[in-house]
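Engineer: Fold the following for me, if possible:
(2 chains)
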Number of protein chains: 2
Amino acid sequence: MKALRIYLAGPEVFLNNAREVGELKKSLCRKYGFEGVFPLDANLDLKDKAPREAGLSISEENERLIRSCEMLIANVTPFRGPSADVGTVYEMGFAHGLGKRVFAYTNIAFPFTKRTVTALKNQVSRSKDGKLRDSEGMFIEEADLTDNLMIDGCINANSKVLVIEEAPAGQLFTYLSGFEKCLIAIQKKKDEKLKTRGRP
Amino acid sequence: MKALRIYLAGPEVFLNNAREVGELKKSLCRKYGFEGVFPLDANLDLKDKAPREAGLSISEENERLIRSCEMLIANVTPFRGPSADVGTVYEMGFAHGLGKRVFAYTNIAFPFTKRTVTALKNQVSRSKDGKLRDSEGMFIEEADLTDNLMIDGCINANSKVLVIEEAPAGQLFTYLSGFEKCLIAIQKKKDEKLKTRGRP
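Structural biologist: Now for the predicted structure:
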């Protein structure tokens, strides 16, 4: 049987050792019988391309890779701000729209509302309508979710698997415990499906 | 003929006067013969719901509204960081995956790479491989694009309409010139399509 393909979305592509982390994720996928597909797998030849053209080629290739996969695991660990990497979030939405299974994990357990307030340097206040607002009057979500409600909502409408971990110091984008828990959840769902099919 | 429905994605939902801005956008849509659908249109009754449940209901309703539309115009003006609002970016990916037409505008012309370097308080350096990196060694895109390459790539693979404007002071999330240019582009495409159809 052909191994199910899983697209590995996340901000680890920005790391110095991105390919190494990608190989680690792919070997964990193999451990559970899946084929991991890392965004940098394409090995596009971008030498002769202008920066814009190169950037758009990478995006085109990533969309092609996502279409070629059955599933996506998103690393929604906050990146350069209180929320997940926008590239990763875009890919979650795209995969969900395509009808793929979408799973997610984060390596920060600190709540989203508190992360936002911290990023805003506590320049927040409660308005008459009871909402917490920043200095420009824009409200801050207090929905007790992992990130912007569309991100949690995607997982809730899809696989319902969003693993929250707290990475050890210095391993924010490389800690793979939550990632592995996603793989275990996928394997469990697959086994249940096979069992159901096997019923007389 | 039934008016084409356009979902109006953007961080203006966080504004104090979100509904008012939504009405302005919807009236501009009507001016060009379209029906604008604002995320807050649903008027969900969330009174008796716990925050999590309420947040997930809003997400579910937004996804339902996007499915009910033919197109989406995303306000990708940077929000609480160098990139667009993650909720908006998620909705772009979702709509693109569903095969909807996706258009975008931003009210900040200052380039993405410079926005990122500014947000990182200039704590960046160039590594041996020639890439600009932050203090954690994670690289900064220099693709001469509006935002993360997946966002520009979405528009490039879809409508090719991403309007860049510079909003007057104090109108960052309410300036609608770029939004109106998207509507004009949609109308033009629609007219071209009708003309092509009308050919003998």
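Engineer: contacts and neighbour counts: CA atoms only from here.
Structural biologist: Noted.
Engineer: Tally up the residues packed near the residue lying closest to residue A:148 once chain neighbours are set aside, please.
Structural biologist: In space, and not counting its chain neighbours, residue A:148 is closest to residue B:87: 6.1 Å by Cα to Cα, 6 or more residues apart in numbering or on different chains. Using other Cα atoms under 10 Å in any protein chain shown, residue B:87 is surrounded by 22 other residues.
Engineer: Assumed residue B:87 was part of a strand.
Structural biologist: No: per DSSP: H, G, I helix; E, B strand; the rest coil, residue B:87 lies outside any strand segment and is helix.
Engineer: isn't residue A:78 right up against residue A:88?
Structural biologist: No: taking contacts as Cα atoms under 8 Å, residue A:78 lies outside contact range of residue A:88: 10.5 Å.
Engineer: packing partners for the longest helix along chain A?
Structural biologist: Looking across chain A with DSSP state H, the single longest helix is helix A:177-198. Here helix A:177-198 touches strand A:71-75, strand A:101-106, strand A:162-164, going by 3 or more Cα pairs under 8 Å, 6 or more residues apart in numbering or on different chains; DSSP states H and E.
Engineer: for chain A, where's the lowest mean pLDDT among helices and strands?
Structural biologist: helix A:177-198 (a mean of 90; mean pLDDT, DSSP states H and E).
Engineer: can I have that helix written out in PDB, keeping just the CAs?
Structural biologist: What follows is helix A:177-198, C-alpha atoms only, in PDB (Å, rounded to 0.1, in the frame of the first residue of the first chain):
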ATOM      1  CA  SER A 177       6.900  16.200  20.700                       C
ATOM      2  CA  GLY A 178       3.600  17.800  19.500                       C
ATOM      3  CA  PHE A 179       4.400  16.900  15.900                       C
ATOM      4  CA  GLU A 180       4.800  13.300  16.900                       C
ATOM      5  CA  LYS A 181       1.500  13.400  18.800                       C
ATOM      6  CA  CYS A 182      -0.100  14.500  15.600                       C
ATOM      7  CA  LEU A 183       1.400  11.500  13.800                       C
ATOM      8  CA  ILE A 184       0.100   9.200  16.500                       C
ATOM      9  CA  ALA A 185      -3.400  10.700  16.200                       C
ATOM     10  CA  ILE A 186      -3.300  10.200  12.400                       C
ATOM     11  CA  GLN A 187      -2.300   6.600  12.800                       C
ATOM     12  CA  LYS A 188      -5.000   6.000  15.300                       C
ATOM     13  CA  LYS A 189      -7.700   7.500  13.000                       C
ATOM     14  CA  LYS A 190      -6.300   5.400  10.200                       C
ATOM     15  CA  ASP A 191      -6.500   2.200  12.300                       C
ATOM     16  CA  GLU A 192     -10.000   3.000  13.400                       C
ATOM     17  CA  LYS A 193     -11.000   3.500   9.700                       C
ATOM     18  CA  LEU A 194      -9.500   0.200   8.700                       C
ATOM     19  CA  LYS A 195     -11.300  -1.600  11.600                       C
ATOM     20  CA  THR A 196     -14.600  -0.100  10.600                       C
ATOM     21  CA  ARG A 197     -14.100  -1.100   7.000                       C
ATOM     22  CA  GLY A 198     -13.200  -4.700   8.200                       C
END
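Engineer: the inter-axis angle of it versus strand A:71-75?
Structural biologist: 160 degrees (axes from the mean of the first three to the mean of the last three Cα atoms, to 10 degrees).
Engineer: Identify the residues contacting helix A:177-198?
Structural biologist: For helix A:177-198, the surrounding residues in contact (Cα atoms under 8 Å, 6 or more residues apart in numbering or on different chains) are A:28-29, A:32, A:73, A:75, A:103-107, A:161-165.
Engineer: cool, stretch A:143-152 as well?
Structural biologist: Counting by Cα under 8 Å, 6+ apart, A:83-84, A:89, A:111-113, A:141, A:162, B:51-52, B:54-56, B:58-59, B:86-87, B:90-91 sit against stretch A:143-152.
Engineer: per-residue confidence averaged over that stretch?
Structural biologist: In this model, stretch A:143-152 has a mean pLDDT of 98.
Engineer: Do me a favour and get the end-to-end distance for it?
Structural biologist: Using Cα to Cα, to the nearest Å, the span of stretch A:143-152 from its first residue to its last is 10 Å.
Engineer: Check stretch A:122-132 too.
Structural biologist: 11 Å.
Engineer: Just the mean pLDDT for that stretch, thanks.
Structural biologist: Average pLDDT, stretch A:122-132: 95.
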